[in-house]
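S.K.: Need a 3D model of the following:
(one chain, ligands or ions: 2)
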Amino acid sequence: MTNETWGQVREELIKRVGKNNYTTWIEPLKLSHLKNGVARFEVPTIFFGDWVQRNYADHIRTQLTSAGALVDRVEFAVGAVKADLRPQPAKAAAAPKPARARPSDEDLPGAPLDARFTFDSFVVGKPNELAHAAARRVAEGGPVTFNPLFLYGGVGLGKTHLMHAIAHELQSRRPELRVLYLSAEQFMYRFVQALRDRQVMDFKELFRSVDVLMVDDVQFIAGKDSTQEEFFHTFNALVDANKQIVISADRAPGEIKDLEERIKSRLQCGLVVDLHPTDYELRLGILQQKVDHYRNQYRGLVLADGVLEFLAHRITTNVRVLEGALTRLFAFASLVGREITLDLAQDCLADILRSSDRKLSIEEIQRKVAEHYNVRLSDLIGPKRLRTIARPRQVAMYLSKQLTPRSLPEIGRRFGGRDHTTIMHGVRKIEELMTTDSQLADDLQLLRRLLQG
Ligand code: ADP
Ligand code: MG
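M.R.: Numbers count the residues shown, from 1 in each chain. Ligands and ions are numbered 1, 2, ... in the order given. This next block holds a predicted model:
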């Protein structure tokens, strides 16, 4: 009865949490006990249990209850089989929470790795070749040459992919190394939990026992003081012990607002590399690779010439959107049993194409910048040299250069007939200030987001 109920409930949970989450987090659960209002599940690791408890326990309880099993508490315990594999003091073999000398791999609180994110599936092009080369070097697992490796770049450009690739590669080349990958958010979550449970020493010991630490999206800890502090100490301890660290963020260390200076400078000590926005060749390469992959899945599907080129040309926002478009296109074509032509692509992807299609004008940029800095549009374009107007004007020049295909003389004309050297000077000025003035970096980020929608 209990397992039957659980079977039904699982069906329902797929609908609630989505197939991906289901496969990652719910499917591995084994119902071991359902009595007196308590449902207990076996989980593969402590971290896994915490995560499911935090994110899915309520769903599970609700679904069990509506399937007729009265449950008011859901518990997760590390499975008996796995637990026996962990180093345990001989006489405490049956203790519920075995004491440990050195934290075992089972306890590493890392996030699950995406099996698809490997070096093999990473397409290298001009915009990411440096980041790729650096990641490869770290993945060799040889002596530490630069520490940390700091990868940064906009959303969807492959930071997480590269970090997972490093972890996969190290696992197969140097299985004896303890590699820990997690997001900065998870780092914080673990730390806060350790504080709450008064297990900060365990936490410290755990993080200091790894050989390679990878923390994704580190901008997340900016402004979170005690987490920053702890991160800083962990970081230093590992660097001192000559352990490799890999960090990612959405911008350069110096541009992360509310991050302590000492952390910024520490982060800059190693190799800082950025992933540039994709170019046409890279996008086409990524699409081609995906298509090769889909060929097995959707046999007999015909792809007309020029479709990939069209997509690479039109969808420039980020790789995730590009991949999503292709996935949808193949699924749709196979559903309706049609050849993938340009027409079909235009129909099926109308919404995506429309949103990446918006051609930004210099006027729009000027208007938004004026609004943001609260200056008059006429002043922004006019001749006034007041700093409060000149700086926003330079910001508008910079964004016009970055976000439109217009040439410097063309931009100059739209800024009240200024010379192209004036525009160039403005653009350079902002580029220079951007690296030291985090307020400005923030303004730019915000404006860019507003303009690109
Ligand atoms: P980020 O962490 O920088 O936001 P991700 O690493 O999550 O970006 O990448 C987003 C998606 O794009 C992933 O599915 C990833 O596999 C894919 N992707 C990004 N860059 C590449 C690349 N160079 N080759 C193949 N796939 C890529
Ligand atoms: Mg990421």
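
S.K.: Name the nearest residue to the one residue sitting closest to the centre of the chain, ignoring sequence neighbours.
M.R.: With distances taken as Cα atoms, centre = their mean, Thr160 lies nearest the centre of the chain, 5.0 Å away. The shortest distance from Thr160 to any non-neighbouring residue, by Cβ to Cβ, 6 or more residues apart in numbering, is to Asp216 (5.8 Å). The C-beta positions use only the backbone N, C-alpha and C, and glycine is treated the same way.

S.K.: Who are the contact partners of that neighbour?
M.R.: 159-160, 163, 181-184, 248 (Cβ atoms under 8 Å, 6 or more residues apart in numbering).

S.K.: swap in Asp217?
M.R.: Counting by Cβ under 8 Å, 6+ apart, Asp217 makes contact with 159, 183-185, 248-250.

S.K.: Among those residues, which lie within strands?
M.R.: Per DSSP state E, strands hold the following members of these: 183, 248-249.

S.K.: Can I get the residues you listed in a markdown table including pLDDT, neighbour count and distance to ligand 2?
M.R.: Output for those, formatted as a markdown table (pLDDT from 0 to 100; neighbours: other Cβ atoms under 10 Å; distance: Cβ to the ion, whole Å):
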| residue | pLDDT | neighbour count | distance to ligand 2 |
| --- | --- | --- | --- |
| Ser183 | 95 | 19 | 8 |
| Ser248 | 97 | 24 | 7 |
| Ala249 | 96 | 26 | 10 |
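
S.K.: and of those residues, the nearest to ligand 1?
M.R.: Ser248 (6.8 Å; Cβ to the nearest ligand atom).

S.K.: Does that closest one touch His161 like I think?
M.R.: No: with contact defined as Cβ atoms under 8 Å, Ser248 does not count as touching His161 (10.3 Å).

S.K.: residues bridging contact with these two, i.e. touching both?
M.R.: With Cβ under 8 Å, 6+ apart as the test, Ser248 and His161 reach no residue in common.

S.K.: What ranges does the protein have for its strands?
M.R.: Under DSSP E, the chain gives strands at 30-35, 38-43, 73-78, 149-153, 179-183, 212-216, 244-249, 271-275.

S.K.: now the last one, how far from the centre of its chain.
M.R.: Spelled out, that is strand 271-275. 15 Å (Cα atoms, centre = their mean, to the nearest Å).

S.K.: and what of stretch 29-39?
M.R.: For stretch 29-39 - counting by Cα atoms, centre = their mean - the centre lies 35 Å from the chain centre.

S.K.: Quick check, pLDDT for the residue nearest to the centre of the chain.
M.R.: Predicted confidence (pLDDT) for Thr160: 97.

S.K.: ok, now which ones touch it?
M.R.: Thr160 neighbours (Cβ under 8 Å, 6+ apart): 114, 117, 216, 248.

S.K.: Pretty sure Arg190 sits against Phe203.
M.R.: Yes: Arg190 lies in contact with Phe203 (Cβ under 8 Å); the separation is 6.5 Å.

S.K.: How many residues are close by the residue lying closest to Asn55 once chain neighbours are set aside?
M.R.: In space, and not counting its chain neighbours, Asn55 is closest to Trp25: 7.2 Å by Cβ to Cβ, 6+ apart. Burial of Trp25 is recorded as 18 neighbouring residues (other Cβ atoms under 10 Å).

S.K.: Can you give me the pLDDT of the residue lying closest to Arg174 once chain neighbours are set aside?
M.R.: Excluding its sequence neighbours, the residue lying closest to Arg174 (Cβ to Cβ, 6+ apart) is Gly141, at 4.1 Å. We have a pLDDT of 90 for Gly141.

S.K.: wait, doesn't Gly141 sit right on Glu176?
M.R.: No: checked against Cβ under 8 Å, the pair Gly141 and Glu176 is beyond contact range at 9.6 Å.
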